[in-house]
Every structure is written in C-alpha cells, then in structure tokens.
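J.: quick one: sequence and predicted model below, then my questions.
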Amino acid sequence: MSDIQSQIEKEREQARAACEVSGDGSQECAAAWDAVEELQAEASHQRQKGSQKNSLEQYCDANPDADECRVYDN
C-alpha cells in the first residue's frame, strides 16, 4: 500500500508543477489532477477489498461456537 501512496505523492508534485507551468485552467493541469484522482480511487478500492470478509467469516463472527467455525490445533 505504501507504494501506491508514494506514487500518489509523486503524481501530486507533477500535477502542481504542470499547473504552475501551464496555468490552473489548462488541459495539462486537469489531466495531471485526473491521474492523481485515479490513483486515489485505486488506493481506496484496495483498502475496501482488503477489509471485506467472506460469508463464512461473517457467519463465524456471529456464531463463534458453530461446528463450521471450530479451529483445531495440530
């Protein structure tokens, strides 16, 4: 995850530079900030994907004593 965060920061710096050179209303500035937004959306998607539980995990959270949820140590 830190890799995508560093990429976001790098894209932000490039976007700021593009806006300084081309102006705030330029197409280059808008495109650069679009790239930042896309990376932020991907980072958000990865965080959500990592935190979702499957149906068995949800069931075991609600019913820890169920036979299906038992864990055996070898």
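T.: Cool, got the structure. Residues are numbered from 1 along each chain as shown.
J.: tell me the secondary structure for L56?
T.: What DSSP: H, G, I helix; E, B strand; the rest coil gives for L56 is helix.
J.: verify the stated contact: it with N63.
T.: No - the pair L56 and N63 fails to qualify as a contact (C-beta atoms under 8 Å) at a distance of 10.5 Å. C-beta coordinates here come from the backbone N, C-alpha and C atoms, glycine included.
J.: which parts of stretch 41-49 are buried?
T.: By 16 or more other C-beta atoms under 10 Å, stretch 41-49 has no buried positions at all.
J.: same question for that stretch, mean pLDDT?
T.: Per-residue pLDDT over stretch 41-49 has a mean of 85.
J.: tell me how far it lies from the chain's centre.
T.: On the basis of C-alpha atoms, centre = their mean, to the nearest Å, stretch 41-49 sits 3 Å off its chain's mean C-alpha point.
J.: which neighbours do L56 and N63 share?
T.: Taking C-beta atoms under 8 Å, 6 or more residues apart in numbering as the criterion, L56 and N63 both touch C69.
J.: quick check: the gap between the most centrally placed residue in the chain and Q14.
T.: Closest residue to the average C-alpha location of the chain: A43 at 1.7 Å, with C-alpha atoms, centre = their mean. Here A43 is placed at a distance of 17 Å from Q14 (C-beta to C-beta, to the nearest Å).
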